[in-house]
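Chemist: Pasting the sequence and the predicted model now:
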Amino acid sequence: SMALGLSVCAAAMAEPAQYRGNPIVTDMFTADPSPLAHDDTLYIYTGHDIQNETDRFFKMHDWYAFSTTNMVDYQKHGPLLSVDDFEWAQGDAFASHVTERDGKFYWYVSIRHKDIRVHEGFAIGVAVSDSPTGPFRDAIGGPLITDETPNSVVLNIDPAVYVDDDGQAYMYWGSWNAGRWVKLKDNMVELEGEVHTLEAHNFFEAPFIHKRGDTYYLTYASHYPSTTEYSTSDSVTGPWTYRGVINDLLPKSETNHQGIVEFKGNWYFIYHNAQLPGGGVYRRSVCVDKLEYDADGLIKKVVRTET
Ligand code: FUB
């Protein structure tokens, strides 16, 4: 009927924002991407820069996801998680990482603790959901890592979790030249054993692990302003062999924060720049480009396609 036709049309017009190309999001500033391939969809979880054009610090309060099935069209979900979802936290939604285990989705986040104010008070928390797009809730009701954790670092930020082939989960994190790693229990929300120092040449922050064939790749931001560099190993715990730069300095973003994922037979390098109009160090934009390997399995320098 005519009425039915009109309501279908209205529903189509009410669809959430859709985007194409780089940067993948054009109506807000996004940063620190974390990719997750699930079923036939790629989810890119991001931070959300809300700083103005003059103040000089990161201002971030919540996290979003952007999904795609074809690497061309992206759909916004969120905000899916916010600092307010962690009662023990007071602010600063820095970099995060989402991983799946046994049908549950775990979202590891960097936030500031309300009470523990040693150093900067940064802590790592974790939220959980039965779906990649939520609802997510605080999985512990407290932090996983704080300044009080033995062998933690000054800035406990930038968590990345990797579940190895034998089912053992590892969390990597850290900043300002001090990387760390620790095993996680099978429940994904408790530490197993002691915190280890991450020994990787030129490590600054933003560790990320992926595996291709028998090789583990540890990518990370190096120096500040940051390039993206990497090391490889035949074990998820190292030792790590330094392999060089894969993403050069960015024109306007001092940070460089990457995630790497294989999706539908191609590898992707997911990062942020500051190329949206009005963009800058604290107003960044997530981008996606191809990641390629040479015949020896070394990563080729990323060819960025932003304008
Ligand atoms: O987005 C805030 C911080 O900037 C992140 O935690 C770092 O990785 C850097 O991108």
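Modeler: Okay, I see it.

Chemist: And the pLDDT for Q18?
Modeler: What the model reports as pLDDT for Q18 is 75.

Chemist: That one - how many residues pack around it?
Modeler: For Q18, the tally of surrounding residues (other C-beta atoms under 10 Å) stands at 11. Heads up, the C-betas are built off the backbone N, CA and C, glycines and all.

Chemist: swap in the one 4 residues further on?
Modeler: For N22, the number of neighbouring residues by other C-beta under 10 Å comes to 18.

Chemist: quick one: contacts for it?
Modeler: Residues in contact with N22, defined by C-beta atoms under 8 Å, 6 or more residues apart in numbering, are 287-289, 305-307.

Chemist: So it versus H38, what's the distance?
Modeler: Spatial separation of N22 from H38 under the definition C-beta to C-beta, to the nearest Å is 22 Å.

Chemist: before we move on, the earlier item: the contacts of N22: which two are farthest apart?
Modeler: For the contacts of N22, the farthest-apart pair by C-beta to C-beta is V288 and T307; their separation is 14.1 Å.

Chemist: related to what we said a few turns ago, just put the contacts of N22 in TSV and tack on pLDDT.
Modeler: Putting these into TSV (pLDDT from 0 to 100) gives the following:
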residue	pLDDT
C287	97
V288	97
D289	96
T305	92
E306	73
T307	47
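
Chemist: Report the buried members of these.
Modeler: In terms of neighbour count (16 or more other C-beta atoms under 10 Å), the buried residues within those are 287-289, 306.

Chemist: Could you dump those residues into CSV and include distance to the ligand and secondary structure?
Modeler: Formatted as CSV, the buried ones among the contacts of N22 follow (distance: C-beta to the nearest ligand atom, whole Å; DSSP: H, G, I helix; E, B strand; the rest coil):
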residue, distance to the ligand, secondary structure
C287, 14, strand
V288, 17, strand
D289, 17, strand
E306, 17, coil
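
Chemist: and which of those residues is nearest V189?
Modeler: For V189, the nearest member of the buried ones among the contacts of N22 is V288. The distance, counting by C-beta to C-beta, is 29.6 Å.

Chemist: Correct me if wrong: the closest one contacts H272.
Modeler: No: look at V288 against H272 with C-beta atoms under 8 Å: they stay out of range, at 10.5 Å.

Chemist: Residues that sit against both of these two, list them.
Modeler: What both V288 and H272 touch, as defined by C-beta under 8 Å, 6+ apart, is an empty set.

Chemist: near the ligand, which residues of the chain?
Modeler: For the chain, the residues in contact with the ligand under the definition C-beta under 6 Å from any ligand atom are 31-32, 47, 58, 94-95, 110, 157-158, 205-206, 255, 257.
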